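Visitor: Compute the structure for the input listed below.
(4 chains)
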2 protein chains.
Amino acid sequence: MIELLIRKLAHSAFLTEADCTTLRQLNLRTREVPAQQDLIREDDRPENVILILSDFTSRYKILDNGKRQIMALLVPGDFCDLHVAILGQMDHSIATLTASHVAEIPRGIIEDLTNNYPSITRALWWATLADEGTLREWLVNMGQRPADQQMAHLFCELHLRLLIVGLAKPSGCILPLTQKDLGDVLGLSGVHVNRTLQDLRSQDLVDLRKKWLQFPNLERLRRFCGFSPKYLHLTPRVNDSSSSSII
Amino acid sequence: MIELLIRKLAHSAFLTEADCTTLRQLNLRTREVPAQQDLIREDDRPENVILILSDFTSRYKILDNGKRQIMALLVPGDFCDLHVAILGQMDHSIATLTASHVAEIPRGIIEDLTNNYPSITRALWWATLADEGTLREWLVNMGQRPADQQMAHLFCELHLRLLIVGLAKPSGCILPLTQKDLGDVLGLSGVHVNRTLQDLRSQDLVDLRKKWLQFPNLERLRRFCGFSPKYLHLTPRVNDSSSSSII
DNA sequence: CGCCTCTTTGAACATGGTCAAATAACGTGG
DNA sequence: CCACGTTATTTGACCATGTTCAAAGAGGCG
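Guide: Alright, predicted model coming up:
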């Protein structure tokens, strides 16, 4: 299942064929984690690097007043904590939203990669810098877009990120979040998420049912929310008919 | 004025005495930039790395609807675009808010540093990862805190960041932003910023006048907004009586 | 002084939040 | 397959926070 990671890093424009082979030779210990379980807690100094293999995981913080803000959604192919070693300790927690499969990569392996494979190293840094770009876009989203566009924008982003790793169809993708979770992503109440979803459906922009997001007209949806994927810094791959055209 | 940068990187816990000497030997070309001027534009592929030496600079995006979101405030000692080389091109713009002094560091010098000075390299990566932590905290701030606490939290952060580089007093700091700018940082309208400031003043928490932020009672302000500086990842320096105690 | 920008104020409005209850969907054990 | 408890979704009514628009006042700077 390292293929997920390879598919993602392929979009960094740094990965060579040899790198792919190197990565395929890693043998990963996979484990399944139940829903709502912390993978990493604030103040931890994680020994291993965690790679998400299935389902969705969230970076979050909980405030004194009990409110939770989700600061990132991690999808398959994403790392939890690639570079915490430099920072020392986590300033937030990471938890599964649904039951998930993850791989634990000993930090030594990452260090070996970064010591001996410069292009893999650059690809890994690309991944964290692209995460930072995503974070900035989320801030724009929360600060300046009304709830319906904000939500549509999030959907467009997730759809594309899943498409990259081969986990979405052009017409839709999975979305295994409750409406409350979505609210904590968007900074909206659960109730308002519900109403906004109905609103989007009535405009025939998205249809979310049974954890499946369906886009009747992706182009219209993207125009509606002003989605432009530049901030994800994806380099279209050659030989990839499925996703390159849609970026 | 490289001292600013050194003071900041000293908090990364990576910088050695020798590193400081190395950095002091760089000779920087300084230039003054007028207010409201773009230093870097979206889609640029900057040749030089820009280091802020005075005043405040902003990362921002402007949406189709004309709204501007400021995604980061850069204070003296901060870099604009340290690692864009990996991403290829900018996904946002950077502009001065007031007239500022900046240094342009040729990318070659940075590459030389990262090739030959591992601890400086780690310190530079620490700086970008800490920026990412700040961005996450801003998201929490916008998503979950009411306007007054949100604004107070921003002030606490700026105060501490300026303290680190020796540009703030324990009781206050400069804040060279208009209320409209502040609104674009916080995702609030200029009018509401005005009212929130009055509210904070009436609670004797902060007093902003003539671009100077005064904190009658810093401890109370921090409690009010739940400020905890962990996300800035500052390692208290030894021999630094001015700021270490206040972190 | 005069111009320009920034701040301040008021009033009407819009968006989204809260609370509470009803309904629907889901998962488990029998 | 059904019955049950649990969790998630949906609805309504009311409330709070923040926005918009317009205009007046203050401050800065030539």
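Visitor: Stretch A:125-138 vs chain B: in contact?
Guide: Yes: using Cβ under 8 Å from any Cβ of the partner chain, stretch A:125-138 reaches chain B at A:W125, A:W126, A:T128, A:L129, A:A130, A:D131, A:E132, A:G133, A:L135, A:R136, A:E137, A:W138. For glycine as for every other residue, the C-beta is placed from the backbone atoms N, C-alpha and C.
Visitor: from chain A, which residue is nearest to DNA strand C?
Guide: Closest residue of chain A to DNA strand C, Cβ to the nearest atom of the strand: A:H192 (3.0 Å).
Visitor: Surely that residue forms part of a helix?
Guide: Yes: under DSSP: H, G, I helix; E, B strand; the rest coil, A:H192 sits within a helix.
Visitor: In contact with the nearest residue to it once chain neighbours are set aside, which residues?
Guide: Using Cβ to Cβ, 6 or more residues apart in numbering or on different chains and skipping the chain neighbours, the partner closest in space to A:H192 is A:A147 (6.3 Å). With contact set as Cβ atoms under 8 Å, 6 or more residues apart in numbering or on different chains, A:A147 has these partners: A:L186, A:L188, A:H192, A:T196.
Visitor: List the buried residues of the longest helix along chain A.
Guide: Secondary structure assigned by DSSP state H gives helix A:118-144 as the longest helix of chain A. Going by neighbour count (16 or more other Cβ atoms under 10 Å in any protein chain shown), the buried part of helix A:118-144 is A:119-144.
Visitor: That helix: how far from the chain's middle?
Guide: Put simply, helix A:118-144 sits 10 Å off its chain's centre (Cα atoms, centre = their mean, to the nearest Å).
Visitor: what does stretch A:49-59 give?
Guide: With Cα atoms, centre = their mean, you get 8 Å for stretch A:49-59.
Visitor: likewise stretch A:22-31?
Guide: 20 Å.
Visitor: what's the average pLDDT for it?
Guide: Stretch A:22-31 shows a mean pLDDT of 89.
Visitor: If you count neighbours, what's buried in that stretch?
Guide: For stretch A:22-31, using 16+ other Cβ under 10 Å, the buried residues are A:T22, A:L23.
Visitor: From one end of that stretch to the other, what's the distance?
Guide: Stretch A:22-31 has its terminal residues 22 Å apart, counting by Cα to Cα, to the nearest Å.
Visitor: With stretch A:53-62 instead?
Guide: From start residue to end residue, stretch A:53-62 stretches across 25 Å - Cα to Cα.
Visitor: hmm, it in reach of DNA strand C?
Guide: No: Stretch A:53-62 lies apart from DNA strand C when judged by Cβ under 7 Å from any atom of the strand; the minimum separation is 12.8 Å.
Visitor: Run the chain-centre distance for that stretch.
Guide: Per Cα atoms, centre = their mean, the displacement of stretch A:53-62 from the mean C-alpha position of its chain is 8 Å.
Visitor: ok, the strand or helix carrying A:Q69 near DNA strand D or not?
Guide: Following DSSP states H and E, one finds A:Q69 within strand A:68-74. No: using Cβ under 7 Å from any atom of the strand, strand A:68-74 never reaches DNA strand D; the gap is at least 13.2 Å.
Visitor: And A:D204, which helix or strand is it part of?
Guide: Using DSSP H and E, A:D204 is not contained in any helix or strand.
Visitor: on that earlier part again, check the gap between the residue nearest to A:H192 and A:L200 for me.
Guide: According to Cβ to Cβ, to the nearest Å, A:A147 stands 10 Å off from A:L200.
Visitor: same thing with A:G77?
Guide: Distance from A:G77 to A:L200, by Cβ to Cβ: 27 Å.
Visitor: cool, and A:M1?
Guide: In this view, A:M1 and A:L200 are 33 Å apart by Cβ to Cβ.
Visitor: got it, and A:R29?
Guide: Going from A:R29 to A:L200 by Cβ to Cβ gives 41 Å.
Visitor: count of neighbours near the spatially closest residue to A:S171 that is not a sequence neighbour?
Guide: Take A:S171 and drop its neighbours on the chain: the residue closest to it by Cβ to Cβ, 6+ apart is A:F215, 5.9 Å away. A:F215 has 23 neighbours, counted by other Cβ atoms under 10 Å in any protein chain shown.
Visitor: my read: A:F215 touches A:L208, true?
Guide: No: using Cβ atoms under 8 Å, A:F215 makes no contact with A:L208, being 10.2 Å away.
Visitor: There's contact between A:T96 and A:A35 in this structure, I believe.
Guide: Yes: contact criterion Cβ under 8 Å: A:T96 and A:A35 qualify, at 5.8 Å.
Visitor: Look at those two and report which has more neighbours.
Guide: Under the neighbour definition other Cβ under 10 Å, A:T96 and A:A35 were set side by side, and A:T96 has more, 23 against 12.
Visitor: Near DNA strand D, which residues of chain A? Just list them.
Guide: So chain A meets DNA strand D at A:T178, A:Q179, A:K180, A:G190, A:V191, A:N194, A:R195, A:L197, A:Q198 (Cβ under 7 Å from any atom of the strand).
Visitor: I'd like to know which of the residues you listed are buried.
Guide: By neighbour count, with 16+ other Cβ under 10 Å, the residues of chain A next to DNA strand D hold A:Q179, A:L197 as buried.
Visitor: Present the residues of chain A next to DNA strand D as a markdown table; the columns should include distance to B:R222.
Guide: As requested, those are exported to a markdown table (distance: Cβ to Cβ, whole Å):
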| residue | distance to B:R222 |
| --- | --- |
| A:T178 | 34 |
| A:Q179 | 34 |
| A:K180 | 30 |
| A:G190 | 30 |
| A:V191 | 32 |
| A:N194 | 36 |
| A:R195 | 36 |
| A:L197 | 38 |
| A:Q198 | 41 |
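Visitor: Double-check A:L124 against A:T114; I have them as touching.
Guide: Yes: contact criterion Cβ under 8 Å: A:L124 and A:T114 qualify, at 7.1 Å.
Visitor: And for A:R220, nearest residue in space, chain neighbours not counted?
Guide: Spatial nearest neighbour of A:R220, chain neighbours left out: A:L205 (6.7 Å); criterion: Cβ to Cβ, 6+ apart.
Visitor: ok, then the element right after the lowest-mean-pLDDT helix or strand in chain A?
Guide: Lowest mean confidence among the helices and strands of chain A (mean pLDDT, DSSP states H and E): helix A:84-87, at a mean of 87. Next helix or strand after helix A:84-87 toward the C-terminus (DSSP H and E): strand A:93-96.
Visitor: Check whether that following strand comes near DNA strand C.
Guide: No: using Cβ under 7 Å from any atom of the strand, strand A:93-96 stays clear of DNA strand C, coming no nearer than 14.5 Å.
Visitor: How about the next helix or strand along the chain from that strand, which residues are buried there?
Guide: Going down the chain from strand A:93-96, the next helix or strand is strand A:100-106, by DSSP H and E. The neighbour-count check on strand A:100-106 (16+ other Cβ under 10 Å) flags A:S100, A:H101, A:V102, A:A103, A:E104, A:I105 as buried.
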